[in-house]
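Asks: Fold the stuff below for me.
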Amino acid sequence: MKNEIVIKFRPFSRHDVPNYVRWLNNPEANRFIGDKRITTKSATKWFDNYIKDKNKRFFVISEGTKAVGFMGLSNISRRNRNADLFICIGEDEYRGMGLGRNAMQWLIDYGFNKLKLHKISLGVFEENVVAIKLYKSLGFEIEGKMKDEAFFRGKFHDMFSMALFNSN
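Replies: Got it, this is the predicted structure:
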């Protein structure tokens, strides 16, 4: 019998910064998020700004006490009732196990039911076929395509804008 992984979610805190740096500097983890490179100093400055920003909610995805990734909502507009979603499974051995789906379901529920959002958007690079399939299975629809949206790893990449609407 296969052991099922139980994941938990908690607010991102200052002690998560080293994992955040490691994950964003991991070539496998950042392969589809734009090849980001950060330092502990820049991540600490980012965190100091984040805790003052009322329009962002970051969460850590963990299995027990082991942090395995992060996710959240940014650009939260209470007036327009929308936000942008992001997710990163930072630990290589935890990708492809369904954690992303579970985390996304939790975050969508949080956005629609706790924050009372009407629309949740995300951007995804066209070559990230696995993520696009996941997002579509959760009800996200492609709203548009931005050609040559980002330049990294020596070439331009197209990005889809996808959205999910609260039917309540």
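Asks: CA atoms for contacts and neighbours, from now on please.
Replies: Fine.
Asks: Point out where the protein drops to low pLDDT.
Replies: 1-4, 34-36 (pLDDT under 70).
Asks: how about a cut-off of 50?
Replies: Scanning the chain for pLDDT under 50 picks out 1-2.
Asks: for the chain, what spans make up the helices?
Replies: Using DSSP state H, the helices of the chain run over 17-24, 40-50, 99-109, 129-137.
Asks: Out of these, the one nearest Lys8 is which?
Replies: helix 99-109 (8.5 Å; CA to CA).
Asks: who's in contact with that closest one?
Replies: Contacts to helix 99-109, defined as CA atoms under 8 Å, 6 or more residues apart in numbering, come from residues 7, 9, 61, 71-72, 87, 89, 120, 134, 138.
Asks: now do stretch 13-33
Replies: Against stretch 13-33 from outside (CA under 8 Å, 6+ apart): 35-40, 43-44, 47, 60, 67, 69-70, 88-92, 124-125, 128.
Asks: Buried only: go through those residues for me.
Replies: 35-36, 43-44, 47, 60, 67, 69-70, 88-91, 124-125 (16 or more other CA atoms under 10 Å).
Asks: Report the separation between the residue nearest the centre of the chain and Asn80.
Replies: Most central in the chain under CA atoms, centre = their mean is Ile87, positioned 1.6 Å from the mean C-alpha point. Ile87 sits 22 Å away from Asn80, going by CA to CA, to the nearest Å.
Asks: repeat for Asn166
Replies: Counting by CA to CA - Asn166 and Asn80 are separated by 13 Å.
Asks: between the two, what contacts are shared?
Replies: His118.
Asks: Show me which of the two is the more surrounded one.
Replies: Asn166 (14 against 10; other CA atoms under 10 Å).
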